[in-house]
Every structure is written in C-alpha cells, then in structure tokens.
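>>> I would like to see how this sequence folds:
(chains A and B)
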There are 2 protein chains.
Amino acid sequence: MAAHYLDPLLAGLRGAGLQVEAAVVPAGEASKSLTQAGELYDRLLRARLDRGSVVVALGGGVVTDLAGFVAATYMRGIPWVAVSTTLLGQVDASVGGKTAVDHPRCKNLIGAFHQPSLVLADVSTLATLPDEEFRTGLAEVVKHAVIRDAQLFGLLETRPDPILSRDPEALEDVVARNVKIKADVIMADPHEGGLRRILNYGHTVGHALESAAIEGSGKLGGAPVTHGRAVALGMMAEARIALARGLIGTVPVERQRQVLKRFGLPVQLEASVDLERCLALMQYDKKALAGRLRFVLPEAIGAVRDVDDVAEDEIRQALLSLTSD
Amino acid sequence: MAAHYLDPLLAGLRGAGLQVEAAVVPAGEASKSLTQAGELYDRLLRARLDRGSVVVALGGGVVTDLAGFVAATYMRGIPWVAVSTTLLGQVDASVGGKTAVDHPRCKNLIGAFHQPSLVLADVSTLATLPDEEFRTGLAEVVKHAVIRDAQLFGLLETRPDPILSRDPEALEDVVARNVKIKADVIMADPHEGGLRRILNYGHTVGHALESAAIEGSGKLGGAPVTHGRAVALGMMAEARIALARGLIGTVPVERQRQVLKRFGLPVQLEASVDLERCLALMQYDKKALAGRLRFVLPEAIGAVRDVDDVAEDEIRQALLSLTSD
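Here you go, the predicted structure:
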C-alpha cells in the first residue's frame, strides 16, 4: 500500500498543515504481532506522539488491526483513523472498532475495542489490489449477504461481472451496502455480547483452516489458503452443518456455493487435508466459550442463528462432505 | 505476595467450586513489560481462558497493572479482580481502572482503561509488607491528602504513630479515606480528560526521577529511589514551583515536608544528581501534551490546580532548591 498511496497521503496531510511521520510495516499477517506492536510503540514515542496525536492506518486489514491496536494501547488510547485500501478492509476490518494482533497459536487473541474516529474507504484504491486480495474481500461480502441481506445476495448472483471487473460504481454500491450491514449489527451490539456474533459466520471453521494453513506454510492440502479462501470453505462447512440438521434446504446452500465459485473462491477441500488437526485447532478458537464452540448457522439466504451445541462429529461430517464434492 | 497469600486464595476459590490456575511473575517493576504480558497471554491461552473467565490479580501495583492490562487485551477484554496486598495498591493502583506495562523509556506507556469487576483490599495483608513498600504507599496517601483532603492531612500530621505501627483499625480508616478520594476523582473523570489529572501531583517530576534512578540501577545520587520516594521528592519539587510562583505560602509547603519526613520519605535530593538528565526525561513523560509539560501545583493543603505553562527554568530552580535544603 505504501508504494501507491503513502506519498499522496503524506502530501495531503502536510498540505493541511499537519506534522506527520511515516512508519512502514512489512506486508503480511506476520506483522500482526506483539513484536511489531512493540516496534511501533518505539516509533510513536520517538516521534513524541501524545494524547493529542492521531494514528492514521493506511493499508489493509493487517495494518488497520495492528495500528488500531497500537492506538488503543499507546498511552491507554489515542485517536486513530482507518484509511482502508483493500476490499476486505473496506467492507469488514475497518468497521466496528475491533483491533488486534495475533498470538502464534491464536489469531486476534490480543486486542482491544477502539473505534476509529474516521473510516475512509476510497474504492479507487481497489484498482491496484491483487486478485487474491480482492477475492478475500469478496468472501466477506458473500458472508454479509448470507447472514443479513437477501437483496445484496441477489445482486451478487445476478450481476457479478461489474463487481469482478471492479467497476467503480458497482464497487461503491457494494462497499456502501456492506458497511451498512456491518455497522447496523455493531451498533446493536458494540462489544460482541450477542447479535455481533453472526458476523462470525464461516469463521469458526474458517479460522481453524487458516491456522492449519499457517502451520503448512500457507497451504492446505497443497492449495494456498488465504483468509478469504478459508472463510469461503468455512461458510460451506457451516452451511453443511445447517443442512444436516435440517435448518436450511439444499437450494440456498447450492446458491451460496455457486456465488462463491463465481467469485473465484474455493468451495471444496482437498482430500489430503488433515481434518483432525483442523478440529483440534478449532478448540483454540478464542470464541470457544467454556469449551463449547459457537457456530453461526444459516436458516435461509439473509438469515442465520447462533448455536453452541454442534457436536464434534457434525463438524467432522461437514468437513468430510467438502472433500467429496 | 505469592509466598503469603496465593495458597489461601487458591484454596478459597477452589472451595467455592471454581476452576483455578496460578501464574506467578517475578517481583519488581521489570515484570511490567510487554514480554511478561506476552508470557501471560501464553499461559491464559494454554489454560484455555475465554471471555467467560476472570483474571484475579493478587499482589501490588506491578501485578495489578500487568494483570489488568493482560485482562484488558486478552480476547479484547475479559473481566478481572484486583486483590491488592500493598498499601500502594490498596490506596492507589487498584482503584480507577488504569492498567499498563512499561516501555523501556517510558513508564506505563502501553496500557488500557479497564475497570476491575471487584477491588479487594484486606489490610491484614499489609502486616507482612516490607517497610520500603509501605512507605511507597504512604507517599500516595500524603499526595491524596494534599490534593483533596485537608482533614486527612490533619490526621496524618497529628496521629502518624498508629499508621506507622500498622494498627489495623488506623489502616482501615486510611485505606477507606484514600479509596474514597481517588474514586470520587475518577468517577468525575473516568478517562483523564480533566479533574483526574490532579492525581498526578508529584508525578511529573517523580516519574522523571524514577526513570533516572532506573538508569542508575535503582539509585539516584547514591540513594535508592523507589516510586514512593520519587513521588515524595516530586511533591516537594512541585510545591517549590508553586511557592516560587506565589501560588502557595511557606507554611503549607513546610507542613508537607514534615509529614513526608515523619513517614520516612525523602524531601531532598543529593547534590550529585544529574538534574539536566532528569529534565530531559521529563520531556518523555507521557503526560506531556504537544510538547508542554503539565504540572499539578498546590494552592493550599487540600487544593491544587493543573497548569501547563511551567518553564524549564522553574523546574530547574525547584530541583536545585531540593539539593540545598
């Protein structure tokens, strides 16, 4: 991100008469660490930032999560602004005030709720986004549609092309709809006491797959697994749990599968994936409450419910069903 | 603290049917580090703590600051309880929801506001407290009296003996009065926007002296400088600034000096202390706003004001005056 947008941003802020210092962190999830946060505290202190200063996070979800966490904990909290340059950031990570760094064994384990003072989503920055990162954002877009917005789902189903070709008008519409869905959920439940959990659809299984992929140097059964790919697979697995329970019919599950495929997201697992390892990793998910994993299960396109009584064997069956598609 | 009270606490909690795991951190300020916090996140994760769990901090200010910070940031915040076993903890650190770890160059730089669900102050734990740590608490007691409570100050002046001999009834009275002073200030200003700053009396200079002492392996001009000693010296320096400005008369400053002395706290600096280094360290105080140091200056016993226009030379003169008492 720094390569494309740092200089114009610095020029803009300086032009407005502000004193600005830049710190660049390496790209990739590895930067969401306590070590990297430690280096940023150093930088902030050396630049003499105080409670009257503002942290501006320019980048994707890694940068907004990390910089937001540093802002949340530097001097017990200073203001911050999220300037999101990825689709994932614009439709998801930058909205809601969740900030975090990863623990080696658990994503987002160390964090804080700290609302940004401003979220800036300029869809023109998406023009330079690599395909794989664009797809990652699309996974969350599909998720938002499935949990909360049948109309958005219909749009994804019937008019995917302008989105895939990154038509600015189509993107602006998609980003605005997604921010609205997420903001509505969060305003109703800012600290994840209840409703907000529905945003975890696809993520209970997804995070485990992502952790398994991290253990396998970013690959799962030979295929690369990014956050978006993991969430797509997670949504498929969790929809299959709902299907096996008779909560949802085959038609909406198939519609979800088709939309994910259309957006270039995976909908099946390689048979060689170690499912037992994924199950074990799920136990470390920070959302596991008193040993019970919570799942968000779809009941229809646009409606989900939050349950905590999914048996290990139901998860195993759902994962297995993904290897035999 | 672990030596005296960990086993009874564990037995009590287990007796109540709770599942408990203990983690012991080394005594001393060095434990208030990001590294130590990192080790505690590991422990919490291995013990499978989740958002339904509670962190119980048993110990002095170091432990409550550190454990409170870990509780504030583990899974973006889980509940915690402060069981304070030092006078400093009981009258100060455990009240107000400030949690933090230190940066190598700035005390309490990394932290969060996170109110404990319960603060337990059992004065019987003070019987085993080393003298030096008891004195550290007394410095904050004197501070509370000077900023807010002339009646408490009168009590410290006229009846110091039962406090110094740690008579449980006298201690209970002192702790209750101090918690009330601090809680009143904090309830009026939970996030340190205004009034709460008065609690920093003695701390602008005090923190710098403490940092200088840390650089000198805990000593300043050959004498050991703990937090309490640094705050006592800080209060004297800041009272001298007020005196030089004509904000306060010589009588109340002398009364403060006598009470601090009576409680075994230092009221003068060794001539060999590097005052310029202390001044430089003050610039790193996290309360410096846009380059301006804030000072809380006494106007009378029981009343202070918060100013931001103290010139470097006024500070230098006040520090110098402490070396020539």
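>>> does A:Glu270 count as helix, strand or coil?
coil (DSSP: H, G, I helix; E, B strand; the rest coil).
>>> thought it was touching A:Leu220?
Yes - when contacts are counted by C-beta atoms under 8 Å, A:Glu270 is listed as touching A:Leu220 (7.1 Å). In this view, the C-beta of every residue, glycine as well, is placed from N, C-alpha and C.
>>> The helix or strand hosting A:Leu243 packs against which elements?
Assigned by DSSP states H and E, A:Leu243 belongs to helix A:227-244. The contact analysis (3 or more C-beta pairs under 8 Å, 6 or more residues apart in numbering or on different chains; DSSP states H and E) places helix A:227-244 against helix A:131-148, helix A:203-215, helix A:250-262, strand A:295-300, helix A:312-323.
>>> If I average pLDDT within each of the ones you listed, which one is lowest?
Lowest mean pLDDT within the helices and strands packed on helix A:227-244: helix A:203-215, a mean of 87.
>>> For chain A, give me the ranges with low pLDDT.
Where chain A drops to pLDDT under 70, the residues are A:1-2, A:192, A:284-291, A:325.
>>> show me where it has strands.
Along chain A, the segments classed as strands by DSSP state E run A:55-59, A:80-84, A:98-103, A:106-113, A:118-121, A:219-220, A:223-224, A:295-300, A:303-307.
>>> can I get the ones you listed in TSV with distance to B:Thr204 and mean neighbour count?
Output for the strands of chain A, formatted as TSV (distance: least, C-beta to C-beta, whole Å; neighbours: other C-beta atoms under 10 Å in any protein chain shown):
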stretch	distance to B:Thr204	mean neighbour count
strand A:55-59	25	24
strand A:80-84	26	26
strand A:98-103	30	24
strand A:106-113	27	21
strand A:118-121	32	18
strand A:219-220	54	20
strand A:223-224	53	14
strand A:295-300	50	21
strand A:303-307	49	17
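>>> quick one, what contacts A:Val119?
A:Val81, A:Ala82, A:Ser84, A:Ser94, A:Val95, A:Val179 (C-beta atoms under 8 Å, 6 or more residues apart in numbering or on different chains).
>>> how close does it sit to chain B?
18 Å (C-beta to the nearest C-beta, to the nearest Å).
>>> distance of that residue from A:Lys182?
Separation of A:Val119 from A:Lys182 (C-beta to C-beta, to the nearest Å): 11 Å.
>>> Same question for A:Ser165.
To A:Lys182, A:Ser165 is 24 Å away according to C-beta to C-beta.
>>> if we can go back for a sec, anything in contact with each of A:Val119 and A:Lys182?
When contacts are counted by C-beta under 8 Å, 6+ apart, A:Val119 and A:Lys182 are jointly contacted by A:Val95.
>>> Roughly how far does A:Ala244 sit from A:Ala311?
The value you get for A:Ala244 to A:Ala311, if C-beta to C-beta is used, is 11 Å.
>>> Near chain B, which residues of the stretch 1-150 of chain A? Just list them.
Counting by C-beta under 8 Å from any C-beta of the partner chain, the stretch 1-150 of chain A comes close to chain B at A:34, A:37-38, A:41-42, A:45, A:48, A:50-52, A:72-77, A:98-100, A:103, A:105-106, A:109-113.
>>> Kindly export stretch A:167-174 (C-alpha atoms) in PDB.
Provided in PDB are the C-alpha atoms of stretch A:167-174 (Å, rounded to 0.1, in the frame of the first residue of the first chain):
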ATOM      1  CA  ASP A 167     -16.300  -1.100 -12.000                       C
ATOM      2  CA  PRO A 168     -16.000   1.900  -9.500                       C
ATOM      3  CA  GLU A 169     -19.800   2.500  -9.400                       C
ATOM      4  CA  ALA A 170     -20.500  -1.200  -8.700                       C
ATOM      5  CA  LEU A 171     -17.800  -1.300  -6.000                       C
ATOM      6  CA  GLU A 172     -19.100   1.900  -4.400                       C
ATOM      7  CA  ASP A 173     -22.500   0.300  -4.100                       C
ATOM      8  CA  VAL A 174     -21.100  -3.000  -2.700                       C
END
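>>> and it, which residues are buried?
Judged by neighbour count (16 or more other C-beta atoms under 10 Å in any protein chain shown), stretch A:167-174 contains these buried residues: A:Ala170, A:Leu171, A:Asp173, A:Val174.
>>> now stretch A:214-221
A:Ile214, A:Gly216, A:Leu220.
>>> and what of stretch A:259-269?
For stretch A:259-269, by 16+ other C-beta under 10 Å, it's A:Val259, A:Leu260, A:Arg262, A:Phe263, A:Gly264, A:Leu265, A:Pro266, A:Val267, A:Leu269.
>>> Please name the residues that touch the closest residue to A:Gln115 other than its chain neighbours.
With sequence-adjacent residues excluded and distances taken as C-beta to C-beta, 6 or more residues apart in numbering or on different chains, A:Gln115 is closest to A:Gly97, at 3.8 Å. Applying C-beta under 8 Å, 6+ apart to A:Gly97 gives the contacts A:Gly68, A:Phe113, A:His114, A:Gln115, A:Pro116, A:Ile186, A:Pro190.
>>> Ramachandran coordinates for the fourth one?
Backbone torsions of A:Gln115, given as degrees, to the nearest 10, read phi -70, psi 130.
>>> Quickly note the distance from it to A:Val91.
Distance, A:Gln115 to A:Val91, by C-beta to C-beta: 17 Å.
>>> which of the two has more neighbours?
Neighbour count, other C-beta atoms under 10 Å in any protein chain shown: between A:Gln115 and A:Val91, A:Val91 has more, with 27 against 18.
>>> With adjacent residues omitted, what lies nearest to that one?
Here the residue nearest A:Val91, using C-beta to C-beta, 6+ apart, is A:Asn178, at 3.7 Å.
>>> Count residues in the vicinity of the one you found, would you?
For A:Asn178, using other C-beta under 10 Å, the count is 25.
>>> so it touches A:His144, yeah?
Yes - here A:Asn178 reaches A:His144: they are 5.1 Å apart, a contact under C-beta under 8 Å.
>>> Need the residues touching each of these two.
Between them, A:Asn178 and A:His144 share these contacting residues under C-beta under 8 Å, 6+ apart: A:Val91, A:Leu152.
>>> Next, the angle helix A:131-148 makes with the longest helix along chain A.
Ranked by number of residues, the top helix in chain A under DSSP state H is helix A:168-188. Angle, helix A:168-188 to helix A:131-148, by axes from the mean of the first three to the mean of the last three C-alpha atoms, to 10 degrees: 50 degrees.
>>> domain ranges for chain A?
Annotated domains of chain A cover A:2-128, A:131-323 [automatic domain parsing].
>>> Do me a favour and get the end-to-end distance for the last one?
With C-alpha to C-alpha, to the nearest Å as the measure, domain A:131-323 spans 25 Å from end to end.
>>> now stretch A:208-228
Start and end residues of stretch A:208-228 are separated by 13 Å (C-alpha to C-alpha).
>>> How about stretch A:265-278?
Stretch A:265-278: ends 20 Å apart by C-alpha to C-alpha.
>>> Brilliant, that's me finished.
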